[in-house]
Structures are given as structure tokens and as C-alpha cells.
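J.: what shape does this take:
(2 chains)
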Protein chains: 2
Amino acid sequence: MEKTISENGETVADGSIRGYDSLHQLLSANLKPELYQEVSRMLLGSNCGKSLEKIVLPESANTLSLKHDFDLQALSFSADKEQMRKPRVVRVALIQNSIALPTTAPFSDQKRGIFDKLKPMIDAAGFSGVNILCLQEAWTMPFAFCTREKKWCEFAEPVDGESTKFLQEYAKKYNMVIVNPILERDIDHGEVLWNTAVIIGNNGNIIGKHRKNHIPRVGDFNESTYYMEGDTGHPVFETVFGKIAVNICYGRHHPLNWLAFGLNGAEIVFNPSATVGELSEPMWPIEARNAAIANSYFVGSINRVGTEVFPNAFTSGDGKPQHNDFGHFYGSSHFSAPDASCTPSLSRYKDGLMISDMDLNLCRQYKDKWGFRMTARYEVYADLLASYIKPDFKPQVVSDPMLHKNSS
Amino acid sequence: MEKTISENGETVADGSIRGYDSLHQLLSANLKPELYQEVSRMLLGSNCGKSLEKIVLPESANTLSLKHDFDLQALSFSADKEQMRKPRVVRVALIQNSIALPTTAPFSDQKRGIFDKLKPMIDAAGFSGVNILCLQEAWTMPFAFCTREKKWCEFAEPVDGESTKFLQEYAKKYNMVIVNPILERDIDHGEVLWNTAVIIGNNGNIIGKHRKNHIPRVGDFNESTYYMEGDTGHPVFETVFGKIAVNICYGRHHPLNWLAFGLNGAEIVFNPSATVGELSEPMWPIEARNAAIANSYFVGSINRVGTEVFPNAFTSGDGKPQHNDFGHFYGSSHFSAPDASCTPSLSRYKDGLMISDMDLNLCRQYKDKWGFRMTARYEVYADLLASYIKPDFKPQVVSDPMLHKNSS
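T.: Residues are numbered from 1 along each chain as shown, chains lettered A, B, ... in the order given. Purely as a prediction, here's the structure:
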């Protein structure tokens, strides 16, 4: 349900479709500056007095944002200077978007429409000197998995398919690494589907792919109707701009998945997602930041925007009437850092491009400062998990002896 | 540094010692009610339209709170009714407190002073019908581990020592399970120290103990000066009121530690802590809530309050001048639930008692709804950790071939 609260949080009598743009915009518009600063310290974690600095972007990028009506934000994280290493500042970006045409339009038109609406956003990233760009989960299509209809499988592409080719041109043009999350058709293995991120190098080459590790069976989404758990492990892709990994959507609920990318050396982990307000919005800022803190890496969280209406009604297994949309995808893409800080979020309603400068040296600085890996006692948990996965596992429970006395 | 912001967030010219009481109090005092409601939905996770209900406490409890000037809050989480199980509502409480006397007072007086200031808070819990109560980490003493002085070891007690005996009386009197986090002296193993939580059953019996699993080496705190990593695994204590566990302080930064208590079946995990503002305040609301979400259990987070000044100055290994206090312990104790909701926090400055009603059936309801354990693929991570702990582990890295071409 759309909120009837306007951009500055004024209650609107009725008929308002747009709500407020983001939590931080709401707070900033309604609190005195010194209060907003203190609330920001608590919420965005700009502790140690270091708040994130705004990046000045080229006029060409701002012009594209105005002309094509997408949210554009750019903020810089800070890190200490080191004596033995030079700073490794990279400019990283996230794109969130709604679909372009109704889900009843011919599929190829729908796909082409999304390609067209992304072009100015990718150009804005390119003009801004972005080094690494990640798109949202299954960005070439409506997120139709709630329907359980098989016809949407047509949107699937091989790893080197249409969308990868489209993005390879931009990768070369802008010397940019691009993460391309698609519904994948695996031609070499019986044409099965996967939920996959293709990593395109800054020379337009395909570096590799990663397949979504954890598949939801929640409410409308039993995605295993379409694809199963990924078989690519937890690869970290070493690019010229740093070591990156991709935790696709529902994998963000699994601390072990985040951990594994960290153990393999990731410095930035992207989380391309598709999730709606009533289901997950209060979790959204928690899980990514926790992963960044616990694993001493940066996280880029991306969620699509808008409400997608499907031609045939479906039910949610919640006893409520059938319906034609899954709910509102609330955008709110943002970055989190190992020092517990994070950027404000992109709009809950508009397409958007979020850009951040991050010195990857911050990752090791926080490993050294907090020592989480040194103190992690992985051997204890290796033993526990090895034991847990056996059918005869018995949990370590100490019962109050008085309990059994009472019941005997 | 104390903030010069008053209770309602007015900027105070100077001389103010008290800051605002909590983030939620600050927001509620400065936002219109309908805005505060929407901000709360995002921050406290009262999604699905269910906000936490205030619990009406007996007059005797409120009187104690006024007379002894401690913060008292009581809120109820909600859960669905089930057909096959009755609700299992338990009333759970957390106590946060400052020390009672200067750290220069005789040790036995300091300890007795803390015992005395806790009495009315424990009575208020008892009068309110609390079933399970948890105190803060090493509650019988100042958190002197920043000093690296060995004299504070005198505060250590055996598991059945003075503080346990003190609390056993209350456990019997109020039919209350009490978690007693102390500095433990292990008489049977060469008188070494541990950071330990003693679990006292509702009949006053000792059910068992748990020793802190992860020991910080961060800034002022290399706690391994005093005690080492715990040797008690991840026990879950089956009490008459539910299955509880204790993740002591720094263990909250370790998702694997939270996970292990979940695998062993915990329904409530307490996190008795001692941590200061500049170091960890932005992490504080993130880590506990993430643990509650990821592991489908309730979390009770407790942090001491106040600034503790020590007689001899010490340094922090940060190049700054020596000092006599570690910083401000910011309190902010609160509960988090498996449905991503949480209570507001207790005061950042005052002693406090936080009470919550929680239907433990919510844990399994959220396991069923989100299916995190069913989709967790523990066998993948058992393999990964078994491999990771070997010295010759090689991370799963896919390098851009163009990188090596350029460098050769």
C-alpha cells in the first residue's frame, strides 16, 4: 500500500501516489540541522566525527539525471592514510530501476524498453568516472517469479547473451567493470535456468559468473519453481579495481554466505535484490550493514523500484484474495562500509544511480583494528557444522534438573 | 565527550552533562506523531502494522523507578495464535547500571554498593512478574580491563560465590530465572579467571555456566590480559520458561557465535556487554537485530551506563595522551525479535530496567515463514570452514585474465 505522506512528510489527504523519498530525506526535512546531525551519527554511523563527503559530479551527469528523472547521489567514504600502501580509492556505483513497459507488452519490447531506460544512467556513471557498476537482480525483466508461470522463462539468456553484449560495449567505452545479474539459461546443461551474475571486466571481457546460492521459499516466492541453488561456490573476482563478489538477493539473510565471500578475500560485495516493503523493509538496512561490519568489506545493496502488475492473478498462500501484483519494490539502494558507516539510501520510488568513492585500504584497516578474523575461532565452528549436518546431531542443551524432577 | 544536547534535543549553550535519553525519545519529541509512526516502522521494524504494545506494570514497580531514579520501560511483542500449540508468553527483563562508588573506594564497598543499587531494580522486576532476568557483563565491578592492572582480579568470584548467592535468594523469592554475568575465578583449575555467565534456575539452583567465547584485542581492551577464550561451547539452557543462551559482549560481532546458539536451539539469547560510544554505538542496534532476524530467536542486549574513572592513567595505543577513563558506556539496552522488530532503547545515561513480553512461539513461526535454516546449505559451509582452517587454504579467486596479461 502506498503511503499518503508527501516528500517532506506532510500528510496528504488522499490521492497521493508518491510517498516520501527516503528515511533520511524525511528526517533531514523535519529535524533541525544539529539534531539531524546527531541522528545521522546514530543511524549512518558517521562516528569518529567523520561524516561522508558529497562528491561533485560533472555537469553532464547531473543533466542526465534531471532530463531522465532519476535520483543521483554521490558520497565519499573516508579511510586513514597508510605509510606502506598508497590509497586504493575506487569509484563504485549501483543502479536501481523500475520496468519500462507493462508486463503485457511483447517480451522483446519489454526488454528493449529497460535497456533504453538504463542507457542514460550508465552514461551518467561513465561520465562520472565510475570504475565498478552493479545492476539490480534480473534487471532485464519484471520480477515475475511470484506468478509461478513458466512463460517468463523466455527472458533467460546465456552468460554471453544479449544483455552481456549490451553491457560489454559500455565496459569498454568507460573502462568500467560491470556486474550483470540475469536470469541465466545454461545451454551446456540441458537448458536449465539459474539466477546468475556475470562479471564483465573493464576491457569488455567476461571474467566469470556467480550463481545465487540461497533460493527463497517465502510467501509469493518459491523461486525454485524456476531455478535451484547455485553451484559456483563463493567466488571472488579479482578485477583491476579490486576484489569483488556478488551475494544475490535472498543470500543477504544468510550470515554464512556473507562470511564465505569474506573468507575468499572480497573487498566489495554487491547484493542485487528484488524485495518489497511489507515483507522486508525493516530488515533491509540491518543485514547489509551487519555484513560490512562483521566481514570488514564494503557492501553495495540494490533493490528495484515500483509495483509490477501481472496479467493473471495469483495468491500468496496467506488466505488473502488473489491479486495481480506482489507489492511495492522500495528501492533504497545504498552502500555500507567496514567502519559501520553507510550512505543514505536512494529513493523509494524513483530510478536511481548511487555513486561512492571508497578506499579499499579501509578493509584491512578494520581487520587490524577490530581483529574479528583473528578472534573468530573458525575451528570451533568447522567442528560444530560438521557435526550439525549429520542426521543424528544432538544440540548442546543443559536442562534445569528441577524440570525433570517436576515432570517425573 | 558528552553531547550538549538536552533531553528533547535542544542545543544547550554549555555545562550540560545529561544528553538526550535515547534516539527514539529524541525522534518522538521532535517529529509529528504520524511522522514518528512512519519512522518507527522503518527503524523499529513494526511492520505488518503491528507496533509493540506498552505493558501496564504494577504501581509498586513504578514507585521504585521514581524513588530510585531508574528508567523503566515495558513493551510486548506480538505473535500469531496457533492451533496446535498454546502461546508461550514469557516476561523477560534486562538491567543496566552504572557503578555505585568511585573506583578508589575499598573493593568490598564498591561491590556492596552495586548490590545495594540493584536491589530495587530486581524488586521492580519481581513485582512485575518477570520470569527471566539478565544483568550486564561483570556487573559486580567497574569494567577495569582497560587499565591492564592486575589488582582488579580481586573482584573475581567462583560460580557459586557471593553474587550468585545474592541472586539465588531473589530467584527463589520471585520464581525467576536469573543470568549472572561475573568475572569468574576457577578454583578447580589453578585459580584462572574467566568471563562467565552463571544461569540460576527459578528455584534458586545453579543450572550451569557459559564462558565468553570471543575475547577482544581492540583499543584499550586486550581482555586476554585477564582471561582467555571460553571452553564451554555454545550451551543452551533449558529452563521452565524457555531455552536461553548467553553471547557475552564482543561475541556479538561474530555471526558464527550467534549462529551456534541458534543451532543448539536457543529461543532467547542475552548479550550482556560493556561498550562505549565512540567505539561501537552505530553498530549496537545493527548486530543484535541481525542476529535475531538471521537465527529466528529473541535477543536481549545490555550495556552498562556511565563513565568510570580509574586512579592510574593508561593509554589506548592510539598516540593520544594518557587518560583515566575509557569513555561513556551508553546503556541503550533493548530487545530484538525474529520478525525484525525491536523495542526502543533504555536511557543512554540512567540505570534502567527493560521488560518485554514475548511469545516464544514466534521463533518457530519465523523459521517456518522465512525458512532460513531449510535454505542454509550448512554442508557447503562445513566444507568451506574445514578447508579454511588449514594453513594451506587457497581462497576461491577468479582473476581477470587481462590483469595478468598486462603484468607479464
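
J.: the one helix or strand A:Asn312 maps to pairs with which strands, and in what direction?
T.: Assigned by DSSP states H and E, A:Asn312 belongs to strand A:305-314. As defined by DSSP bridges, the strand partners of strand A:305-314 come to strand A:323-330 (antiparallel).

J.: low pLDDT regions in chain A?
T.: Across chain A, residues meeting the criterion (pLDDT under 70) sit at A:1-19, A:46-50, A:406-408.

J.: per the record, what domains does it have?
T.: Here the domain assignment for chain A is A:1-43, A:49-369, A:378-407, based on automatic domain parsing.

J.: for those, which one ends up most surrounded?
T.: When neighbours are counted by mean count of other C-beta atoms under 10 Å in any protein chain shown, the highest per-stretch mean among the domains of chain A falls to domain A:49-369, a mean of 21. Heads up, the C-betas are built off the backbone N, CA and C, glycines and all.

J.: who's in contact with A:Thr232?
T.: With contacts defined as C-beta atoms under 8 Å, 6 or more residues apart in numbering or on different chains, A:Thr232 is in contact with A:209-211.

J.: so it: helix, strand or coil?
T.: Taking DSSP: H, G, I helix; E, B strand; the rest coil as the rule, one finds A:Thr232 in the coil state.

J.: and what of A:Asp368?
T.: helix.

J.: from chain B, how far off is it?
T.: Using C-beta to the nearest C-beta, to the nearest Å, we find A:Asp368 at a distance of 10 Å from chain B.

J.: quick check, the residue in the stretch 51-200 of chain A closest to chain B?
T.: Closest approach of the stretch 51-200 of chain A to chain B (C-beta to the nearest C-beta) occurs at A:Ile199, with a separation of 7.8 Å.

J.: do a quick rundown of the helices in the stretch 151-300 of chain A.
T.: With DSSP state H, counting those that start in this stretch, the ranges of helices along the stretch 151-300 of chain A come out as A:162-174, A:255-263, A:277-280, A:284-295.

J.: compare those helices and give me the one nearest A:His328.
T.: When these are compared by C-beta to C-beta, helix A:277-280 sits nearest A:His328, at 5.1 Å.

J.: A:Arg377 - how many residues pack around it?
T.: Using other C-beta atoms under 10 Å in any protein chain shown as the criterion, A:Arg377 is surrounded by 17 other residues.

J.: surely it meets B:His214?
T.: Yes. Contact criterion C-beta atoms under 8 Å: A:Arg377 and B:His214 qualify, at 6.8 Å.

J.: overlap in contacts, the two.
T.: Here A:Arg377 and B:His214 have B:Glu229 as joint contacts, going by C-beta under 8 Å, 6+ apart.

J.: could the domains of chain A go into TSV alongside distance to B:Gly319?
T.: As requested, these are arranged in TSV below (distance: least, C-beta to C-beta, whole Å):
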stretch	distance to B:Gly319
domain A:1-43	23
domain A:49-369	12
domain A:378-407	32
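
J.: closest one to B:Lys173 among the ones you listed?
T.: With respect to B:Lys173, and counting by C-beta to C-beta, the nearest of these is domain A:378-407 at 16.0 Å.

J.: closest residue of the stretch 201-350 of chain A to chain B?
T.: The minimum distance from the stretch 201-350 of chain A to chain B, using C-beta to the nearest C-beta, falls at A:Pro282 (3.1 Å).

J.: circling back to that earlier point, possible to save the contacts of A:Thr232 as a markdown table with distance to B:Ser78?
T.: Compiled in a markdown table, the contacts of A:Thr232 are given as follows (distance: C-beta to C-beta, whole Å):
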| residue | distance to B:Ser78 |
| --- | --- |
| A:Lys209 | 43 |
| A:His210 | 39 |
| A:Arg211 | 38 |
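
J.: which one of those sits closest to A:Glu267?
T.: Taking C-beta to C-beta as the measure, A:His210 is the one of those closest to A:Glu267, at 15.6 Å.

J.: for the closest one, list the residues it contacts.
T.: Contacts for A:His210 (C-beta under 8 Å, 6+ apart) come out as A:196-197, A:199, A:230, A:232, A:235, A:237, A:245-246, A:248.

J.: can you tell me how far A:Glu157 is from A:Ile215?
T.: According to C-beta to C-beta, to the nearest Å, A:Glu157 and A:Ile215 sit 19 Å apart.

J.: of all the domains of chain A, which lies closest to B:Arg148?
T.: It is, among the domains of chain A and with distance given as C-beta to C-beta, domain A:49-369, at 18.6 Å.

J.: and the strands in the stretch 1-150 of chain A?
T.: Residue ranges of the strands in the stretch 1-150 of chain A, as given by DSSP state E, counting those that start in this stretch, are A:53-54, A:71-76, A:89-96, A:132-134.

J.: quick check: A:Gln237 touching A:Lys209?
T.: Quick fix: residue A:237 reads Phe, not Gln. No. With contact taken as C-beta under 8 Å, A:Phe237 and A:Lys209 are classed as non-touching, separated by 9.5 Å.
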